[in-house]
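Visitor: Need coordinates for the following:
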Amino acid sequence: MTQISRDDVQYLARLSNLQLDDKQVDSLLGDIQDIISYINQLSELNTSGIEPTYQVTDLKNVWRDDVIDDYDIDRDKLLGLVPERVEHQVKVPKVLET
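Guide: Modelled structure (predicted):
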């Protein structure tokens with residue numbers, strides 16, 4: 001099993017730009033050792049004959065055809081609904097002052 005020291009935890013904290021006191025370093029050291037212990041337990045499992053999987057829900061992406069739907073409304077009809085327009089554009093009040 002890989003041994004993690006207090007110096008390792010403090011080094012990781014510095015790399016992560018974390019400031020830890022001695023109590024936090026000790027707590028994190030215990031947590032990291034528990035995580036490594038669990039990973040070592042998993043590596044002992046016999047997985048021969050087990051097919052690798054990337055997900056377990058059997059959900060698949062649902063794609064639809066990329067079809068343009070204009071909803072029977074053309075540009076001129078939409079522009080006719082706005083209070084003010086210039087050529088083929090909607091005119092809006094100025095937002096930013098220069």
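
Visitor: can you tell me the helix or strand for Gln33?
Guide: Taking DSSP states H and E as the criterion, Gln33 maps to helix 22-43.

Visitor: Counting by contacts, list what that helix packs against.
Guide: Other elements packing on helix 22-43 under the criterion 3 or more C-beta pairs under 8 Å, 6 or more residues apart in numbering; DSSP states H and E are helix 6-15. Backbone N, C-alpha and C define where each C-beta goes, glycine included.

Visitor: The helix it packs on: which residues count as buried?
Guide: 9-10 (16 or more other C-beta atoms under 10 Å).

Visitor: Residues touching that helix, excluding its own?
Guide: Helix 6-15 is contacted from outside by 19-20, 25-26, 28-29, 32, using C-beta atoms under 8 Å, 6 or more residues apart in numbering.

Visitor: Try it again at 6 Å.
Guide: Residues outside helix 6-15 that contact it (C-beta atoms under 6 Å, 6 or more residues apart in numbering) are 20, 25, 28-29.

Visitor: Could you tell me the angle between the helix holding Gln33 and helix 6-15?
Guide: 100 degrees (axes from the mean of the first three to the mean of the last three C-alpha atoms, to 10 degrees).

Visitor: Okay, buried residues for helix 22-43 please.
Guide: By neighbour count, and taking 16+ other C-beta under 10 Å as the criterion, the buried residues in helix 22-43 are 25, 28-29.

Visitor: can you check stretch 46-62 too?
Guide: For stretch 46-62, it's none, nothing buried (16+ other C-beta under 10 Å).

Visitor: CA atoms of the helix holding Gln33 as CSV?
Guide: Extracted as CSV, the C-alpha positions of helix 22-43 are listed here (Å, rounded to 0.1, in the frame of the first residue of the first chain):
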residue,chain,number,x,y,z
ASP,A,22,-2.3,20.8,11.8
LYS,A,23,-5.7,19.4,12.7
GLN,A,24,-6.9,19.7,9.1
VAL,A,25,-3.7,18.1,7.8
ASP,A,26,-4.2,15.1,10.1
SER,A,27,-7.9,14.8,9.1
LEU,A,28,-7.1,15.0,5.4
LEU,A,29,-4.2,12.5,5.9
GLY,A,30,-6.7,10.0,7.4
ASP,A,31,-9.2,10.6,4.6
ILE,A,32,-6.6,10.1,1.9
GLN,A,33,-5.3,6.9,3.5
ASP,A,34,-8.9,5.6,3.7
ILE,A,35,-9.4,6.4,0.0
ILE,A,36,-6.2,4.6,-1.0
SER,A,37,-7.1,1.6,1.1
TYR,A,38,-10.5,1.4,-0.6
ILE,A,39,-8.9,1.6,-4.1
ASN,A,40,-6.5,-1.2,-3.1
GLN,A,41,-9.4,-3.3,-2.1
LEU,A,42,-11.1,-2.7,-5.5
SER,A,43,-7.9,-3.7,-7.3
